[in-house]
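In: Sequence plus predicted model, see below.
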Amino acid sequence: METTMRQTWAFLFRGYHLTRRYIGWVVVFNFYALVTSATVALIGVAAGDYQLTLTLVVGALLWNYLSSLYNEIAMSIAYERWEGTLEYTFMAPVSRLVHLLGLSLYSLVNSIITSLIVLAGLLLFTNLNLRGANLFGVLLVVAVSTLAFVGLGLIAAVFPVMSAERGAEATHIFQGSLLLVSGVYYPVEVLPRWMQPLSAISPATYTLSACRKLFGVGNSGSTAQFLSGAPLSAVAHELLILALMGAILLPFGLWVFVRVEAWAKRAGKLKRTG
Amino acid sequence: MQQPAISVRNLRKCFRKRNGFRRRSQLWALDDVSFNVGQGETYGLLGPNGSGKSSLIRILSTLLIADTGEVQLLGYSLPEQQEQVRRIIGRVSVDAAFYKKLSARENLLYTALLYGQKARDAEQRALQILERLGMENTKFSTPLEEMSRGMQQKISIARALVINPPLLLLDEPTTGLDPKSRRDVQSFLEDLRSREGTTILLTTHDMAEAERLCARIGFLAHGKLVAEGTPAALMRQAQTKTLDDAFIKLTGEQLSEEALAVEV
């Protein structure tokens, strides 16, 4: 148990020191996340429609969190390949479960910090009042959807194991597709009809739908001064789907990763690239 | 009789590559290779680039799975018991792969934690190793990117040893080092074997290094182990006066780095 704790800590230790050493880039990425989110949210402010502003703020905030979580996990393998350290990580007597758990924990901490920065910035830019929103419900939905997104990140992390350069490209295509179909800034109903079924298989669709209800978006009782957030029971359907997705995607992601690692070892694909 | 530290039997590894739509090519990186390394022995594998040395080290390091053959390290079989094998091996590769922005201390502690060691113990051990390798303690907090190739390779050796492995796999550890760093590393390896009885498998292009460090040497060419023995026995077998000439005669190849462009 003590060994497992130390091994898990190793990934947090590494992540912390890398963040410290690349602090300039961390500031740039957070600034960029804040500015792009604020730019989107200000469309609602310009329209003078607090409901639209709230819709966009929830979309920007949650997308920042979920995409950051997914991206950190998926790209961590690509970063290791570029540094040349992947072979040393794979050589260590760490179970893949502990390895990926450690990566995910660091990504989670990182994503929470980014999201808090974006939230603070959005509130500053939009003057939104969140009183009356069911914030406990929002946190619960985000916590449950985290599992599904960690699973998606693990699945996407196999692409850089298969091919360092093409793999990193594939993770971004996958991330972009999620942004397109999940209704981050618009209702999924405006998507072409042939594309709409894809939104049903994206966990982000349910996260956003549930969180918007919990914030009081679309509720006639909400006003600019006081939101009327839905009770948790109103999002039970979304919570159930998200929990199911997490229960499937998390072990599936681990299983896929282990299979692809074994394949890479047979095909000799673990060598340093980049 | 004591079991060998490394036992390799009829090892074969082929890499297949698709060239275009229909054509496929295959390259035998290792072709029916067998050898043993005794406990506490330093065994050298010599061969030009592309002879299969790195593939062999990768298989022993659990990073590559052989097509056929048997591999045992201190009695543990690969690939079945790779978890146990990972606990008993340290590896140094030709390229010192690190988080270059992190300091030596941070890189070494990360490795120690991955192996479940206490950070404080690992830090002390790392400092002792670096001191024996002739590195100043002040360099411990320097980012790797600010270090010379020689210093990075010494950190790489420290990384392999900080986990205190009974078996060390060294893949061209002195390639590209200046003469002083090369001598530091060679002296350290001699010291390590005599003091701690560590078993070492060393691949190198350097005949003088192999002669100095290795009790026995295997010549690897085109994935085949073409000859094996003590340096003196190999020279006797080839009827030559130098190990370099013995290698050329027994393998029919030059041992220059330019011999082949690509290492497999």
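Out: Sure thing, it's come through. Numbers count the residues shown, from 1 in each chain, chains lettered A, B, ... in the order given.
In: Point me to the residue of the stretch 51-200 of chain A nearest chain B.
Out: Closest contact between the stretch 51-200 of chain A and chain B, by CB to the nearest CB, is at A:Gly84 (3.1 Å). C-beta: built from backbone N, CA, C; applies to glycine.
In: Now that residue. Nearest residue, chain neighbours left out?
Out: Nearest non-adjacent residue to A:Gly84, counting by CB to CB, 6 or more residues apart in numbering or on different chains: B:Ala97, 3.1 Å away.
In: Scan the chain for its longest helix.
Out: Unless you meant another one, I'm taking chain A. Across chain A, the longest stretch assigned as helix under DSSP state H is helix A:50-83.
In: Can you look at chain B instead?
Out: Per DSSP H, chain B has its longest helix at helix B:179-196.
In: With just CA atoms, put that one into CSV.
Out: Extracted in CSV, the C-alpha atoms of helix B:179-196 (Å, rounded to 0.1, in the frame of the first residue of the first chain):
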residue,chain,number,x,y,z
PRO,B,179,37.7,10.7,-22.7
LYS,B,180,37.5,11.9,-19.1
SER,B,181,33.8,11.1,-18.7
ARG,B,182,34.3,7.8,-20.4
ARG,B,183,37.1,6.9,-18.0
ASP,B,184,35.0,8.0,-15.0
VAL,B,185,32.1,5.8,-16.1
GLN,B,186,34.4,2.8,-16.8
SER,B,187,36.1,3.1,-13.4
PHE,B,188,32.7,3.4,-11.7
LEU,B,189,31.5,0.2,-13.4
GLU,B,190,34.6,-1.7,-12.4
ASP,B,191,34.1,-0.5,-8.8
LEU,B,192,30.4,-1.4,-8.8
ARG,B,193,31.1,-5.0,-9.9
SER,B,194,33.8,-5.5,-7.3
ARG,B,195,32.0,-3.8,-4.4
GLU,B,196,28.4,-4.9,-5.0
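In: in terms of contact, does the residue of the stretch 51-200 of chain A closest to chain B touch B:Lys100 like I think?
Out: No - A:Gly84 lies out of contact with B:Lys100 (CB atoms under 8 Å); the separation is 9.2 Å.
In: what sits in contact with each of those two?
Out: Common contacts of A:Gly84 and B:Lys100, defined by CB atoms under 8 Å, 6 or more residues apart in numbering or on different chains, are absent altogether.
In: Am I right that B:Ile200 falls within a strand?
Out: Yes - judged by DSSP: H, G, I helix; E, B strand; the rest coil, B:Ile200 forms part of a strand.
In: quick one, phi/psi of B:Gly44?
Out: Dihedral pair for B:Gly44: phi -100, psi 140, per degrees, to the nearest 10.
In: Correct me if wrong: B:Glu209 contacts B:Gln186.
Out: Yes - with contact defined as CB under 8 Å, B:Glu209 counts as touching B:Gln186 (6.2 Å).
In: The two: which is more packed in?
Out: The neighbour comparison of B:Glu209 against B:Gln186 (other CB atoms under 10 Å in any protein chain shown) goes to B:Glu209, with 22 against 19.
In: where does the chain dip in pLDDT?
Out: Reading this off chain A. For chain A, the stretches flagged by pLDDT under 70 are A:272-274.
In: nope, chain B
Out: Applying pLDDT under 70 to chain B picks out residues B:1, B:20-22, B:253-264.
In: List, one by one, the residues from it near chain A.
Out: Selection of chain B residues close to chain A by CB under 8 Å from any CB of the partner chain yields B:15, B:29, B:55, B:58, B:61-65, B:79, B:83, B:86-87, B:89, B:91, B:93, B:95, B:97-102, B:106, B:109-111, B:113-118, B:143, B:159, B:264.
In: Could you tell me which of those belong to helices?
Out: Mapping these onto helices (DSSP H) picks out B:Ser55, B:Arg58, B:Glu83, B:Arg86, B:Arg87, B:Glu106, B:Leu109, B:Tyr110, B:Thr111, B:Leu113, B:Leu114, B:Arg159.
In: Leaving out chain neighbours, which residue sits closest to the second one?
Out: Closest residue in space to B:Arg58, ignoring its immediate chain neighbours: B:Leu64 at 3.9 Å, by CB to CB, 6+ apart.
In: Quick check: which element contains the closest residue in space to A:Val158 that isn't next to it in sequence?
Out: Leaving aside its chain neighbours, A:Val158 sits nearest to A:Val260 (4.1 Å; criterion: CB to CB, 6+ apart). Using DSSP states H and E, A:Val260 maps to helix A:236-267.
In: What subset of the residues of chain B next to chain A is buried?
Out: B:29, B:55, B:58, B:61-65, B:86, B:89, B:91, B:93, B:95, B:97-102, B:106, B:109-111, B:113-117, B:143, B:159, B:264 (16 or more other CB atoms under 10 Å in any protein chain shown).
In: Now residue 197. Its backbone dihedrals?
Out: Reading this off chain A. phi -60, psi -30.
In: my bad, chain B
Out: Torsion angles at B:Gly197 (phi, psi; degrees, to the nearest 10) stand at phi 70, psi 30.
In: now do B:Gln239
Out: According to degrees, to the nearest 10, B:Gln239 has phi 60, psi 50.
In: Give me the number of neighbouring residues for it.
Out: B:Gln239 has 9 neighbours, counted by other CB under 10 Å.
In: mind listing what it touches?
Out: Neighbour list for B:Gln239: B:Lys249 [criterion: CB under 8 Å, 6+ apart].
In: what secondary structure does the residue nearest to the spatial centre of chain B sit in?
Out: Nearest to the geometric centre of chain B sits B:Leu170, at 2.0 Å (CA atoms, centre = their mean). Judged by three-state DSSP, the three-state class of B:Leu170 is strand.
In: ditto for B:Asn164
Out: When classified by three-state DSSP, B:Asn164 comes out as coil.
In: tell me which element the nearest residue to it once chain neighbours are set aside falls in.
Out: Of all residues not flanking B:Asn164 in the chain, B:Arg125 sits nearest, at 7.2 Å (CB to CB, 6+ apart). For B:Arg125, the element it lies in under DSSP H and E is helix B:119-132.
In: anything in contact with each of B:Glu209 and B:Gln186?
Out: With CB under 8 Å, 6+ apart, B:Glu209 and B:Gln186 have common neighbours B:Thr174.
In: Quick check, central residue of chain A?
Out: Compute the mean C-alpha point of chain A, and by CA atoms, centre = their mean the closest residue is A:Leu66, 1.9 Å away.
In: Identify the bridge partners of B:Phe219.
Out: B:Phe219 has these beta-bridge partners by DSSP bridges: B:Leu46, B:Ala227.
In: what residues are up against the nearest residue to A:Leu130 once chain neighbours are set aside?
Out: Among residues not flanking A:Leu130 along the chain, A:Leu227 sits closest, at 6.6 Å (CB to CB, 6+ apart). Under the criterion of CB under 8 Å, 6+ apart, the neighbours of A:Leu227 are A:Leu54, A:Asn129, A:Leu130, A:Arg131, A:Gly132, A:Ala133, A:Phe215, A:Gly216, A:Asn219.
In: can we see that at 10 Å?
Out: A:50-51, A:54, A:128-134, A:214-217, A:219, A:221 (CB atoms under 10 Å, 6 or more residues apart in numbering or on different chains).
In: Just the ones of these in helices?
Out: Per DSSP H, the contacts of A:Leu227 map to helices at A:Tyr50, A:Gln51, A:Leu54, A:Leu214, A:Phe215.
In: Surely the last one is in contact with A:Asn129?
Out: No - using CB atoms under 10 Å as the test, A:Phe215 is too far from A:Asn129 to be in contact (11.2 Å).
In: Could you check which of these two has the larger neighbour count?
Out: A:Phe215 (27 against 15).
In: Could you tell me how many residues sit around the nearest residue to that one once chain neighbours are set aside?
Out: In space, and not counting its chain neighbours, A:Phe215 is closest to A:Ala133: 4.6 Å by CB to CB, 6+ apart. Neighbour count for A:Ala133, taken as other CB under 10 Å: 23.
In: if we can go back for a sec, hmm, the residue nearest to A:Gly84 is touching A:Phe90, no?
Out: No - between B:Ala97 and A:Phe90 no contact is recorded; they are 11.9 Å apart, counting by CB under 10 Å.
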